[in-house]
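Q: would you be able to build a 3D model of this:
(3 chains)
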Amino acid sequence: MPPADRHLGARLLTHGSTLTFLRKVQHPSQHPVDRFAEDLARFEAVRGPFKRTRPYDTDSRIPVDGAGAGFSSKVSIGMSASYLLLVLIVLGLFGYYLGKSRAVAIPVTPESRLHSVPSYHGYFVALWAGVPAFLLLALWVMLEGWLIMALVLGAMPERLTNVGDQELSLLRATILNHANGIDTGQTLDPAIEAAAVHYTTLSSIGNWCILVLGSVGAMVGVRFALRQVSMSLRARNHVEQVINVVLILCSLVAIMTTVGIVLSLLFEAMLFLSHVHPYDFLFGLQWSPQIAIRADQVGSSGAFGAVPLFTGTLLISAVAMAVAVPIGLLSAIYMAEYAPPLVRSLAKPVLEILAGIPTVVYGFFAALTMAPFVRRVFGAEGLGFDVSSESALAAGVVMGIMIIPFVSSLSDDVINAVPQSLRDGSYGLGATKSETISQVLLPAALPGIVGAILLAVSRAIGETMIVTMAAGLSANLTANPFEAVTTVTVQIATLLVGDQEFDSPKTLSAFGLGLVLFVVTLLLNIIALWVVNKYREKYD
Amino acid sequence: MVSKMIDATTTPWVQVTAPGGGTGRIKIRSSGVKVYYGDKQALKGINLDIAENSVTALIGPSGCGKSTYLRCLNRMNDTIDRCRVEGTISLDGEDIYGRTIDTVQLRARVGMVFQKPNPFPKSIFDNVAYGPRIHGLARRIEDLEEIVQRSLERAGLWSEVKSRLLDPGTGLSGGQQQRLCIARAIAVNPEVILMDEPCSALDPIATAHIEELIDELRANYTIVIVTHNMQQAARVSQKTAFFHLGDLVEFNDTAEIFTNPRDDKTQGYITGRYG
Amino acid sequence: MTDIVQSVGEFATDSPADRRGWYQSEEFRQLLRRRYASEDRFRILGIAAIVLAAVILLVLLASIVAKGYPAFVQTEVRLDVTFEESVIDPSGSRDERALSGANYQRLIRSALQDIFPDATGRRVRRQLTDLVSIGAAFQLRDMVMSDPSLIGQTRELWVLASDDIDQFLKGNIACGTEHAARLGGQPCTVPENERRVNDRQVGWVDQLIVEERIRRSFNTVLFSAGDSREPELAGILGGVVGSLYTLLVCLLMAVPVGVAAAVYLEEFAPRNRWTGLIEVNINNLAAVPSIVFGLLGLSVLLNFFGLPRSAPLVGGIVLALMTLPTVIIASRAALKAVPPSIRDAALGVGASPYQVVSHHVLPLAAPGILTGTIIGMAQALGETAPLMMVGMIAFIVDIPAGFTDSATVLPVQIYMWSDSPERAFTERTSAAIMVLLGFLIAMNAVAIYLRKRFERRW
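A: Here you go, the predicted model:
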């Protein structure tokens, strides 16, 4: 790869394998003057006018899965949308004052008065200004790309458009890139260039249209609503109906998110499972997702047996639980039953700070402090074990530290939910505190504590950064905590950072793993929440 | 006015005369007991003697301090952070707030039954065996079984639960649960049993059961019972103490209190004018 | 039965006098001592757990501060630079293009050679140039571009030292001399070929120290630059601004939607199977691993809707979906804390349910909602994995200027730096972590202040 090309083309190179490779391998020997040229190029990028390129190499990464990525010219529609929104806001305010003043102007007589207070008439008019035009805009934003592209393709010579799906989406992307001013450096068919110009023209016409249409629509809405303003207009009820719909829609967002997660994971995972048999995926013992680009290369087919990932995840989670459960539970017990107020007021922030530290910081701590420490203690100079530099132990211990506050705050809640009368009963019989705790409180709180631990396990399984930074990538099937293992989340992260090809099982396997992760954590959560709720009900 | 205030803080000693059944010995003697919750004074100096093997009822309107006083007798107030106790309470002549007394030992000797039945989430057997186990009352499982059986028998529950000793104690009815709690208290062989409104959460039949039980237990135990129910006090107790606003207003034989109260406040309370 | 009773001992009889016996016995006293000993052990276990947690926290923070605080100062070298016209603008046209394209590195090199005239030979000169950062050339270029009259003059300048020299003087490359030791250098323990700074360079640095051409100053680059391959030129501003844009999107989406959803569920929703489903769903969503939200963003927002990769817009939406349950749960708790009597009072004077909520309940619940929101935002600020999935993990030099610009965020910046082999990046990573923690502490402090200030008990 010639240096100049690399630097100019990859100014915004996605951080991934390529970059890491360059940094690690080339940097030590790279001469400052070479670097100077490169930095000068960057300098231009910073200070001078520069043309934004897509963050990755366009031609090799055009999505070919038919999902239709990048279908509209974002800049122009963004502009027209923001102008239109501005117009709508102004018209809305204007409509509010018109409606309100019109309502105020209605004479009040002793026998009849306004159904709603004037400001509701204002809101009523403002809604008529905004809502229809906004819906129109939303419709346009969704349809614009498809519509214009269909027009453009229809106008093109048939020799170019009468091709297979994959070429067609390639063609679309080429036109789009050209229309958006992204220079891929290829020489293009004049017909495509013409189509790109056509596309640009059409889309700017369309965007102007929508700006004008939206504004006119809003004005018509204001006029219509103003006519409605009268003594008997139930403005408040109309406005409140709209509010109610909005509130319901908002509360459905959470459902939509879950549905989106499930559908997207299922869709991509199905694609993956059409390449790899589910049995091989779930029960295979070999994981090496790297697939050669050309079929004739060595090792052209990867192996997608996820068992080593599952065992790795379990191993690290087990280490984490071994750290988090005793410390978390004991500190919760101490805080709930023993600690004098002063100690509690000091210890609570400690746990809260531990809970607030971002996982990436824990990952850094695991990789740079805990891993060397574990090697020193257990390694050749210490206890003489063979400790890998990316041992499961280091990652697990730090993950456990991260989960301590989680276990302790949940257990604290659970222990506090045990009714005081049980404590009284035990103390009344002459039991000591520790006897009361171990023989009365803990058995009583056991279901709740089990629920808390399940939630913590689900958290450990889903944790990504600590393991990405401190655990390895090698999928070893082992139960030895001194060896390097990899986890489901690490694989998802590595497979999806950097190059993505949505037709290769390598990329798609991440979604298969994601589905497994989602299902497992969901089950754990449901069971845990159910157990905890049952427990709560018992003592309500 | 001044003399009245002095009067209010130092209730005159009431001589104990042996009522029917008791030994006549004084089991618990309290003098000048004051209790503070933070800055708030809950008891204003209580002088009260509790006779051995008899039932003493503490009555009075809500918030008068009778439960607080009861909880002083086995130092249950120690479990409340901001609570402070002054004055002396002696059990068989030994100051229970003194240095030599240990709360574990004290509570083994002075058992307690609470307002709401509070069986542990364990089996019926384990509920009763809990106390003997922690106090080392039985060295062998047979001994433990014996203690459990006798305690349940004494609490009048044996015949009802003997076939399901391993079922959870929380599965019993309210009245049974309360008797289980009494059995649990009896099992550690206490000398005194404190009962804090033991029947307030129970229906009339269960209440009658417990009242009978209290009367039977009187033979072997000194019982102090807090109650809101004046008929109950009249039925089960030999001595009654009337508390009002942290003061001990009147203490006398139960029959005397209910037929011939000396204080207007007592009179007002037992005739239902307030409370 | 009698034999059992006897074997149990005196306590098992009914006589009150005997009963007292066991609790007064020496045996019981011993048991009691054992019970109290185990009580003490238990208590000590609890204290140990708390102390351990505190010690871990301290070690964690101390290790980061110890690694990171040197990054707040940076080594500079004083050079006498002659802005030679023959190098910068041989044609004399003062054309901007010519000025910006000139080889400023040569000026630096000749300034260094003026100090060390003995450095001859291509390799040696290259090592000499390595003392000074690439950034020095930019500095010269900036100066000339803003004031072309400099050409032909000589100026005394402080320029950045290269990261190797900086690290060497901070004691991280173990070979220092007597002079370097004054600035923190460590004695020579590593063979020359395993070091980033060779003996010749050590000698030069020594001479620079003696000539007082080396100083430490506050590291402004760290706070004013974007990412760079050169540690000494890399800053966190790009990440901070990216985080800001991303959080802004997250805030604008999560708060209105979250509060509206909470209001609906708490105040208006009928209690039926549907709202029950929504509630269960929200609770479960709160416990879905964050990386799954990243997968959602990748597959739906990027691939399906075709939103731009690496953009704060997409990152913000993903974080908003992730924070939504937190905001909803906190807002519901705040709404629940408003006593029903207030609603009844407002309804009683003829307000519609919506008026009750907007005029009375929401204002009273606002502090609680705000506190929950800030805590949710603090979580979002520290989130890394889902943003990696939507491509916010990119080597981006320029500071993002909008919601659709390619950007990265502070935690991802930390991740990328922590992956870099240069020693100087470790230092910068820790410094970036300190900044991130600073932001988080500030946000949480505001939340705690709000909670204390507006806490109300009914």
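Q: show me the strands in chain B, by range?
A: Applying DSSP state E to chain B gives strands spanning B:26-37, B:40-51, B:55-59, B:83-91, B:94-95, B:110-113, B:192-196, B:222-226, B:239-244, B:247-253.
Q: now the second one, how far from the chain's geometric center?
A: The chain centre lies 14 Å from the centre of strand B:40-51; the measure is Cα atoms, centre = their mean, to the nearest Å.
Q: next: the third one.
A: Distance of strand B:55-59 from the chain centroid (Cα atoms, centre = their mean) equals 8 Å.
Q: packing partners for that strand?
A: Applying 3 or more Cβ pairs under 8 Å, 6 or more residues apart in numbering or on different chains; DSSP states H and E, we find strand B:55-59 packed against helix B:66-73, strand B:222-226, helix B:230-236, strand B:239-244. Placement of C-beta: from N, CA and C, glycine included.
Q: any chance of CSV for those, columns distance to residue C:445, mean pLDDT and mean neighbour count?
A: CSV is the format used below for those (distance: least, Cβ to Cβ, whole Å; pLDDT from 0 to 100; neighbours: other Cβ atoms under 10 Å in any protein chain shown):
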stretch, distance to residue C:445, mean pLDDT, mean neighbour count
helix B:66-73, 42, 91, 24
strand B:222-226, 48, 94, 26
helix B:230-236, 57, 90, 19
strand B:239-244, 49, 92, 26
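Q: grab the nearest non-local neighbour of residue A:406.
A: Nearest residue to residue A:406 in three dimensions, chain neighbours excluded: residue A:456, at 5.4 Å (Cβ to Cβ, 6 or more residues apart in numbering or on different chains).
Q: nope, residue A:96 is what I was after
A: Nearest to residue A:96 is residue A:122, by Cβ to Cβ, 6+ apart, at 3.9 Å.
Q: likewise for residue B:33?
A: Nearest to residue B:33 is residue B:87, by Cβ to Cβ, 6+ apart, at 3.8 Å.
Q: isn't that neighbour right next to residue B:32, touching?
A: Yes. Counting by Cβ atoms under 8 Å, residue B:87 does reach residue B:32; the two are 3.8 Å apart.
Q: and the residue nearest to residue A:358 when sequence neighbours are not counted, how far from residue A:465?
A: In this structure, residue A:358 finds its nearest non-sequential neighbour in residue C:382, 2.8 Å apart by Cβ to Cβ, 6+ apart. Distance of residue C:382 to residue A:465, computed by Cβ to Cβ, to the nearest Å: 10 Å.
Q: and for the two, which residues touch both?
A: Counting by Cβ atoms under 8 Å, 6 or more residues apart in numbering or on different chains, the contacts common to residue C:382 and residue A:465 are A:358, A:359, A:360.
Q: could those go into JSON lines alongside secondary structure?
A: Formatted as JSON lines, the shared contacts of residue C:382 and residue A:465 follow (DSSP: H, G, I helix; E, B strand; the rest coil):
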{"residue": "A:358", "secondary structure": "coil"}
{"residue": "A:359", "secondary structure": "helix"}
{"residue": "A:360", "secondary structure": "helix"}
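Q: by neighbour count, which of those wins?
A: The most crowded member of the shared contacts of residue C:382 and residue A:465 is residue A:360, carrying 28 neighbours; neighbours defined as other Cβ atoms under 10 Å in any protein chain shown.
Q: wait, what's in contact with that one?
A: Contacts for residue A:360 (Cβ under 8 Å, 6+ apart) come out as A:465, A:469, C:382, C:384, C:411, C:412, C:414, C:415, C:418, C:433.
Q: what helix or strand does the fifth one sit in?
A: So that's residue C:411. Element membership of residue C:411, judged by DSSP states H and E, is helix C:410-418.
Q: who's in contact with that helix?
A: Residues from elsewhere that reach helix C:410-418 (Cβ under 8 Å, 6+ apart): A:15, A:358, A:360-361, A:363-364, A:367-368, A:465, A:468-469, C:227, C:234, C:236, C:238-240, C:242-243, C:381-384, C:387-388, C:392-393, C:395, C:408, C:425-426, C:428-429, C:432-433, C:435-436, C:439.
Q: give me phi/psi at the closest residue to chain A within the stretch 151-300 of chain C?
A: Residue nearest to chain A within the stretch 151-300 of chain C: residue C:289 (2.5 Å; Cβ to the nearest Cβ). For residue C:289, the backbone dihedrals (degrees, to the nearest 10) come out as phi -60, psi 140.
Q: so it touches residue A:520, yeah?
A: No. Applying Cβ under 8 Å, one finds residue C:289 not in contact with residue A:520, separated by 9.7 Å.
Q: intersection of neighbour lists for these two?
A: Common contact partners of residue C:289 and residue A:520 (Cβ under 8 Å, 6+ apart): A:458, A:461.
Q: in chain C, which helix is the longest?
A: If you go by DSSP state H, chain C has its longest helix at helix C:26-68.
Q: give me the mean pLDDT for that one.
A: The average pLDDT for helix C:26-68 rounds to 93.
Q: what's the closest non-adjacent residue to residue B:230?
A: Closest residue to residue B:230 apart from its sequence neighbours, by Cβ to Cβ, 6+ apart: residue B:270 at 5.7 Å.
Q: look up how far chain A lies from that neighbour.
A: Distance of residue B:270 to chain A, computed by Cβ to the nearest Cβ, to the nearest Å: 30 Å.
Q: that residue and residue B:256: what is the separation?
A: Applying Cβ to Cβ, the value for residue B:270 to residue B:256 is 12 Å.
Q: who has more neighbours, the two?
A: Shown here are residue B:270 and residue B:256; by other Cβ under 10 Å, residue B:270 has more neighbours (19 against 15).
Q: distance check, residue A:372 against residue A:365.
A: Computed as Cβ to Cβ, the residue A:372 to residue A:365 distance reads 11 Å.
Q: residue A:528 against residue A:459, yeah?
A: No. Look at residue A:528 against residue A:459 with Cβ under 8 Å: they stay out of range, at 10.3 Å.
Q: ok, which stretches of the stretch 201-350 of chain C are strands?
A: C:214-218 (DSSP state E, counting those that start in this stretch).
Q: go on, the stretch 51-200 of chain C?
A: Here the stretch 51-200 of chain C has its strands, by DSSP E, counting those that start in this stretch, at C:73-82, C:154-160.
Q: what residues does chain B have near chain A?
A: Selection of chain B residues close to chain A by Cβ under 8 Å from any Cβ of the partner chain yields B:74, B:76, B:79, B:81, B:103-108, B:111-114, B:116, B:118-122, B:130-131, B:134-135, B:181, B:184-185, B:188.
Q: of those, just the buried ones, ChimeraX syntax please.
A: To isolate the buried members of these in ChimeraX, using 16 or more other Cβ atoms under 10 Å in any protein chain shown:
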select /B:74,76,79,103,104,105,106,107,108,111,112,113,114,116,118,119,120,121,122,130,131,134,135,181,184,185,188
